[in-house]
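Enquirer: Fold the following and give me the result.
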Amino acid sequence: MPITVTTRSRSLVVGGPAEPPELYDLERDPGESTNVWAENVEEGARLFRDALAFLERCGAAEEHLEPRRESLRAVACG
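Expert: This is a model prediction of the structure:
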């Protein structure tokens with residue numbers, strides 16, 4: 001099941017390790033039609049890590065966290 005992290009300027013969609021993350025620039029692309037992850041890996045990875053940290057603080061089950069950690073390791077080396 002994917003999760004979405006949204007800021008005023010970005011939207012990040014994160015699934016499991018078999019699903020590449022999607023990052024959208026909401027200021028230029030409010031309809032979320034162009035995935036800009038490849039051009040913004042560092043920013044996307046930071047949002048990804050922040051989302052995982054939030055879920056951990058909220059006590060999310062490990063079965064939901066580990067696939068996302070694996071996905072983050074696969075796309076952002078950590």
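
Enquirer: ok, now which ones touch the residue nearest to Val13 when sequence neighbours are not counted?
Expert: Distances taken as C-beta to C-beta, 6 or more residues apart in numbering place Glu22 nearest to Val13, at 4.2 Å, with adjacent residues excluded. For glycine as for every other residue, the C-beta is placed from the backbone atoms N, C-alpha and C. Residues in contact with Glu22 (C-beta atoms under 8 Å, 6 or more residues apart in numbering) are 12-13, 32, 35, 37.

Enquirer: Longest helix of the protein, counting residues only.
Expert: Counting by DSSP state H, the longest helix found in the chain is helix 41-57.

Enquirer: Report the distance from it to the chain centre.
Expert: Offset of helix 41-57 from its chain centre (C-alpha atoms, centre = their mean, to the nearest Å): 7 Å.

Enquirer: could you point out which element follows that helix?
Expert: helix 62-76 (DSSP states H and E).

Enquirer: so for the longest helix of the chain, what's the average pLDDT?
Expert: On average, the pLDDT along helix 41-57 is 92.

Enquirer: Tell me what angle it forms with helix 62-76.
Expert: Here helix 41-57 runs at an angle of 170 degrees relative to helix 62-76 (axes from the mean of the first three to the mean of the last three C-alpha atoms, to 10 degrees).

Enquirer: follow-up on the earlier one: out of the contacts of Glu22, which comes closest to His64?
Expert: Val13 (15.3 Å; C-beta to C-beta).

Enquirer: measure the residue nearest to Val13 to Arg57 for me?
Expert: 24 Å (C-beta to C-beta, to the nearest Å).

Enquirer: What residues of stretch 21-31 count as buried?
Expert: By neighbour count on 16 or more other C-beta atoms under 10 Å, the buried set for stretch 21-31 is 21-25.

Enquirer: now those residues as TSV including secondary structure, pLDDT and distance to Ala74?
Expert: What follows is those, written out as TSV (DSSP: H, G, I helix; E, B strand; the rest coil; pLDDT from 0 to 100; distance: C-beta to C-beta, whole Å):
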residue	secondary structure	pLDDT	distance to Ala74
Pro21	coil	90	10
Glu22	strand	95	14
Leu23	strand	97	15
Tyr24	strand	98	20
Asp25	strand	98	23
